[in-house]
Structure formats: structure tokens, C-alpha cells
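In: please work out how this folds:
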Amino acid sequence: MISDWDNLRVFLALAEEGSLTAAARKLKVSHPTVSRRVKALEDELGTRLFDRLPDRFVPTLAATHLLDEVRAMEQAAQALARRSAGLVDNHLGTVRISVDETMAEFVSRHLMKLRENHRCIEFEIAVAHISANLSRREADLLIRNTLPDSASLVGRKLGRFAYAVYGTRAFAADCDGSEASLRVLPWVGFDDDHVYMPGQQWQVGLLAGTVPEVRTNNGVVLYHAIREGHGVGVLPCFLGDRDPGLVRLTPILDEVIVDEWLLVHRDMRSLPRIRIVMDALVKLFQDMRAEYEGRIDAGRPVNDLKAAG
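Out: Residues are numbered from 1 along each chain as shown. As a prediction, this is how the structure comes out:
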């Protein structure tokens, strides 16, 4: 009989993460806590659960026999936690919304509008490239541009976000919007690990092997590098059009239009505070549609600027 479920949770985290550092970070505990609890579980079972290699912890044969059962226990505990949250029939509390850093710019810009009739709810905006795990309640809601292949999640499309190439007016003076004039400009882009970000495949195809002069793994850094004149790059129109220092150098890129989705776990969607925030987000995106579809009168294309001049 195993007396402490927390020891099993630590065992599972170490088996999945492979190192004390990663397991401790995942569980938000210290290295000694992970080591102590794994040792306590080994003592209780009377067997060694991990081979301690120089760079990682490898589950032993005895550990592999436990893993499926412990994973099932964790999933059952998560389901119980989600359903027990739904038993509290009120609209108070915290709602944690997970977004990437670019979407965080959009949501935080309109946070006052989002919260104007919902001051009784605490809004927590969690920023990360990697999607939070809704089954483990790492967040209550996700806003992402892909739909996960999971029957436990429910998705609703929020809107279609438009992208274009932007640069400072100094670059606009040397660009007529053609591919040839774009190729000779300096570029800012994402690094190799983030070529899946919106617009990067289009940019790679345009540049045909030329590497951007500035690369980053963060969309906000990308935006600031472009607005400070380090090069041109692909931005969502809601960022580029609202910045008076930037000019749209191309029409909206049809190949880069991105659908953004609101995702929630099935067990949580009927919780009053979750339902309220979901409805508020849907309304916000409906109201701001012209902004993220690139239909506001700002950051006019370079050809329009030249015609006006």
C-alpha cells in the first residue's frame, strides 16, 4: 500500500521529464524535494525505480510497470479536480487565459473593455509559446492559432487575423511593394526553431536562402526590432497598423491569414466564471474585427503613400 500520492506524482514527473531540474520546475518544488520523495517511494516499494546516469534519470523495468497505473491515477485526479471546480456554482474567482506573446499584446490592449462588466472576476493572462495543459488545469482558457487533436477540448473560432510586411518610412521610400524591392531590404524574422510562426514560411520563400539580419524567438521583440529600423518583417496588422512609425509595405498576405481559436476543457466550459469570460472574449473579438482583419485607416500601404505624395 503506497501511503503518499505526492510521492507518485513526483515519480511520474521525473519519469516524464528525465531530470531533477525539469521535474522540480514542472512541480514547482526544489531539487531536494524531488530526490527525497523518489527515495521514499523506492524505500516503500523495496526496489530501485531509476538508473542515475550522468545526464538523466532512466526508469528501471520496475518503474515501467508502474507508469501506466500512475498516469491513470493522475488523469483521474485531474478529472476529479475539474469536476469539483464545477460544483461551486458562482461567478467569482480567477480565470487564467493562456496566450502567446503577440496575442497578449492584443488582449492586454483591450483588457479594460474585456473586464468592464466583470470586475468580480480576477483575470490572469499567462504568456507562453507552448500551449498550457487544460487537462492539468495549467490554464482555464487557451487562445491559439491551431486546434489540438483532443476530444477533451472544445474550440470556438474567434476571428481571422491578417498579416502584412511592415517597415519604417525610411524603408518605405525605397520599396514599391514588389518582391524584387522587398528582397534587397534588411529583414527581421524568427529563429530556426520558430519558423512555424505566422508569416515565417512565406518570408523564407521570398528571401530564397537569405537569412534575416536579426532573428528572435519572441514576437514582441520582432515587432520592436522592426519599429526601431533594424529591418522589415511580417507582423499582424493589429500591431503594425496602429503604430504611426510603421508603414504597410505589402497588401495583406493571403497566405498568412491566421484563424485564432478559443479553447476550453469540456469539464470546465459550464463553470459560470469560465462561461462569462468566454462570452466576453467572443464579444471583444467581434467588436475589434476591423482592427485584426487589417481594415483600419492606419499604416497605409507604400503605394498609397506615394500616390498621396
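
In: what sits against residue 124?
Out: 94-97 (Cβ atoms under 8 Å, 6 or more residues apart in numbering). In short, each C-beta sits where N, CA and C put it, glycine included.

In: which of those count as buried?
Out: Buried members of the contacts of residue 124, counted by 16 or more other Cβ atoms under 10 Å: 95-97.

In: let's see which of these end up in strands.
Out: When DSSP state E defines the strands, the subset of these inside them is 95-97.

In: wait, which of these is closest to residue 214?
Out: residue 97 (29.8 Å; Cβ to Cβ).

In: now do the contacts for the spatially most central residue of the chain.
Out: For the chain, the residue nearest the mean C-alpha position is residue 100 (3.2 Å; Cα atoms, centre = their mean). Each residue near residue 100 by Cβ under 8 Å, 6+ apart is listed here: 127-129, 144, 219.

In: then residue 21?
Out: residue 31.

In: tell me where the stretch 51-200 of the chain has strands.
Out: Using DSSP state E, counting those that start in this stretch, the strands assigned to the stretch 51-200 of the chain run over residues 57-59, 93-99, 121-127, 141-144, 153-161, 163-168, 188-190.

In: closest to residue 252 out of these?
Out: strand 163-168 (5.3 Å).

In: buried residues, the closest one. List them.
Out: For strand 163-168, using 16+ other Cβ under 10 Å, the buried residues are 163-168.

In: same check, this time on stretch 25-35
Out: Neighbour-count burial for stretch 25-35 [16+ other Cβ under 10 Å]: 26-27, 29, 33-35.

In: so which of these are in helices?
Out: Under the assignment DSSP state H, those contribute 26-27, 33-35 to helices.

In: of all these, which comes closest to residue 110?
Out: Scanning those for proximity to residue 110, where the rule is Cβ to Cβ, the winner is residue 26, at 32.2 Å.

In: so who does that closest one touch?
Out: 13, 17.

In: also residue 168?
Out: Taking Cβ under 8 Å, 6+ apart, one finds 226-227, 229, 245-247 in contact with residue 168.

In: closest to residue 210 among the buried residues of strand 163-168?
Out: residue 165 (14.6 Å).

In: on that earlier part again, can I have the buried ones of the contacts of residue 100 as a ChimeraX selection?
Out: Buried residues among the contacts of residue 100 (16+ other Cβ under 10 Å), as a ChimeraX selection:
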select :127,144,219
